[in-house]
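Undergrad: Okay, predicted coordinates and the sequence, questions at the end:
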Amino acid sequence: MKPIIETAAMDALMVRLFDTIDETNMAWVIAADQALRSAFGPALIDLVPSYTTLLLHYDCQQMNHAKAFTLINQALSGLKPVDTQAGELHDIPVWYDESVGPELPLVAKRAGLSVKELIEQHCNHDYCVFALGFAPGYGFMGLVDESLATPRLKTPRRKVAAGSVGIADRQTAIYPLLSPGGWNILGRTNVPLFEHAKRGEPLFRPGDKVRFRAISRSEFAADGGDTTPMEERS
Amino acid sequence: MSQVATHQRQKGMMVKQAGPLALIQDAGRFGVGHLGVTQGGAADWISFRWANWLLGNALNSAALEIVMGGGLSFETESEVRLALTGADLDAQLDGKPLAPNTSFKLLPGQRLVFRQPRQGLRAYLAFPGGLNAPEVLGSRACTAREQLGGLHEDGKPLKVGDRLTWKGAAPAARRIAEGQGPQMPASGYRLPIVLGSQIASFSGRALFQAFNQPWTVDNRADRMGIRLTGPALNGSLTGIISEGIPFGAVQVPPDGQPIVLMNDRQTIGGYPRLGALTPMACATLSQCLPGTKVWLTPISASQAQDDYRNQLTVWD
C-alpha cells in the first residue's frame, strides 16, 4: 500500500490508498484513520474515511499544505493494518414487505428469484460497513451478491422512510431518517441509526459487519416499527 | 432562580410573519464528518462574523441567516441592540429603512421587517451574546435535511410564533470602517479555486472552457450546492468511487455542468471534481442571485491560505 496525497481544497488533502472497493482494504483505511487522527491532534478539523480514501481537513492557521503533507507521510509510514475481526457484528431485524419495500419484486425478478429466495439471499451474508456518509449514521455496506445488484432508480424518490433498507448496485444500506433517495427499497427496520448519530455515537463504524434478519409484520410492529406503507410517505 | 426566570422573560423577540427561509446558524458543525453529519453553518461566513463583531460577540455566536426576506417580521418585547450585515434585503424598523452593516436599537413593540433582496441574497442578524438554541454535536447550526439544530432541534426555519431569546445583555456598539465590511458581489466576479483531485481527468478543452469563460449562477441553488451553467465540461470520468467532499468542491456530474458544494453538502459523493473554491469564494457565491456571471480563477493553496489568514486578521 503506497498512499497518494492529492490537494482537495485550500485546507484539505485527499489521501488515496486504493483504487478498488474491497473488504480487505478496510483494515488499512481504519489504520490510516487512527494514525492520522493522532498525528494531527488539535490541528485536525475533520477526517472523512471512505472506501479507498480519507479526506483530511486541517486547520490552516496551525500549518500549511507542505507541513500537512509531511505529517501525513510520517503518520502513514510503517502503517500496519488493524485487526478487522475486532469490528462489531450487528444483527438488524428487517420486515421485508412490498408495502414498505416497493422494489422487492423488481430486485427478485432481475435476479431470477422468488421474493422469499431474495430475502434469504439478502440475509445470508455478513456485509462490511465501508463508509459512513450521505446522512448522519448512514452506512455504505457491501458487497451484496452479484445476482442482486440493481442500479439506482431512474428517478429518485422525494421521500424514503426512515429505516428503509435498500440496494444500489452491489451496495446495501439503511436510511437513518426520512430523506430523498434512489436506492431499491426492500424492507424496513426499526433500529434507530439517526438517534445514535445525533449523540455522536454511530451504531455502525467502518469495518463493522452487518447481518440482516427477516422478521414478520407482527414482530416488527411489536417492536414499535412504523408500518405505514412507503407510498403514503412520498 | 426566579431572578433568572424574570430576566429571561424580559428579553425576547417574536416572529410575526415567516419569510421563505430564516435559519439559526453559527460557524458550523466540525469534527463530525466521519459520522455522515454535514458541516452546516453560515453560508456567507464573512458577513456572519461581521454581524457578531459589531456587537462585540464571540465571532461564532449563533445568529440568523435570512434568505430573500419575503416579509419576515419580528416584534420585540424588550429594548435590544441588534446588528445587521450581508445582503440588503430592504430591512425596515417601523417603516424606516435600516442602513446595512450597522447595529441599531429596537424598542419594545417595534417591528422589524425584511422585504426583498436589493443586493445580495443572505442577511445576517446578530443578537447580544448570540441566540439561545440547544447545541447538537457542538453546534447550533440548522441543517434541514438532517433535522439537526435550531430552536426546536429539528433544523427547520423560523415560523410564526417562534420566540427568540439571547444570551447577553448590553452589547458593544462597534462601527465598520468605510470600505471594510462585507461586499456584495456584482456580475463578473472572480471566484478563486484551488485545483485538485480529478483535475487531470478533464480534457484540455474542458479546462480551457472552465477558466476562460463566465459561468452563470443557476436557480438550482441552495445551502447544499450551487449549480453553474455554461458549455458542458467533458472528462474521462463519469463517476468515481465515493470519497469525502471538501467545502467548496466543484464537482462535475455527467451533464458537464459544475455544482459547487456548499455548507450543507453530503459528506461523501462520487462525481469527479475540478478542485474546490476557497472559503472566501464560497461566501461570495452564496450571495449571488441566479443569473449572476462568475469566473473560476485558479489559485494556489498557499496563496489561498495567505488570503484567508489575512481575512481573519480584520476581526482581531
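TA: Perfect, I can see it now. Numbering: from 1, shown residues only, chains lettered A, B, ... in the order given.
Undergrad: hey, let's count contacts and neighbours off CA atoms from now on
TA: OK.
Undergrad: Let me see the contact set for the residue in chain A that chain B sits nearest to.
TA: Nearest residue of chain A to chain B: residue A:133, at 3.7 Å (Cα to the nearest Cα). Residues in contact with residue A:133, defined by Cα atoms under 8 Å, 6 or more residues apart in numbering or on different chains, are A:139-140, B:33-37, B:266-268.
Undergrad: how about the nearest residue to it, chain neighbours excluded?
TA: Using Cα to Cα, 6 or more residues apart in numbering or on different chains and skipping the chain neighbours, the partner closest in space to residue A:133 is residue B:36 (3.7 Å).
Undergrad: tally of neighbours for that neighbour?
TA: By other Cα atoms under 10 Å in any protein chain shown, 24 other residues sit near residue B:36.
Undergrad: cool, and residue B:118?
TA: Other residues lying near residue B:118 total 11 when counted by other Cα under 10 Å.
Undergrad: Tell me which helix or strand in chain A has the weakest average pLDDT.
TA: strand A:179-181 (a mean of 87; mean pLDDT, DSSP states H and E).
Undergrad: mind listing what it pairs with, with the direction of each?
TA: Strand A:179-181 has its sheet partners listed here by DSSP bridges as strand A:157-160 (antiparallel).
Undergrad: Tell me the helices and strands packed up against the very next helix or strand once past the strand it pairs with.
TA: Going down the chain from strand A:157-160, the next helix or strand is strand A:164-168, by DSSP states H and E. Applying 3 or more Cα pairs under 8 Å, 6 or more residues apart in numbering or on different chains; DSSP states H and E, one finds that strand A:164-168 contacts strand A:171-174, strand A:184-188.
Undergrad: 10 Å instead?
TA: If you count contacts as 3 or more Cα pairs under 10 Å, 6 or more residues apart in numbering or on different chains; DSSP states H and E, strand A:164-168 packs onto strand A:89-96, strand A:139-142, strand A:171-174, strand A:184-188.
Undergrad: between these, which gets nearest to residue B:307?
TA: strand A:139-142 (37.2 Å; Cα to Cα).
Undergrad: which other residues reach that closest one?
TA: A:21-23, A:50-51, A:125-134, A:167-176, A:193, A:202-210, B:35-36, B:242 (Cα atoms under 10 Å, 6 or more residues apart in numbering or on different chains).
Undergrad: Just the buried ones from those?
TA: A:21, A:23, A:50-51, A:125-134, A:167-176, A:193, A:202-210, B:35-36, B:242 (16 or more other Cα atoms under 10 Å in any protein chain shown).
Undergrad: Name all residues that make contact with the closest residue to chain A within the stretch 51-200 of chain B.
TA: Residue of the stretch 51-200 of chain B nearest chain A, by Cα to the nearest Cα: residue B:196 (4.9 Å). Going by Cα under 10 Å, 6+ apart, residue B:196 touches A:6-10, A:13-14, B:249-250, B:273-276, B:301.
Undergrad: leaving aside the residues next to it on the chain, what's closest to it?
TA: Closest residue to residue B:196 apart from its sequence neighbours, by Cα to Cα, 6+ apart: residue B:275 at 4.4 Å.
Undergrad: No further questions, thank you.
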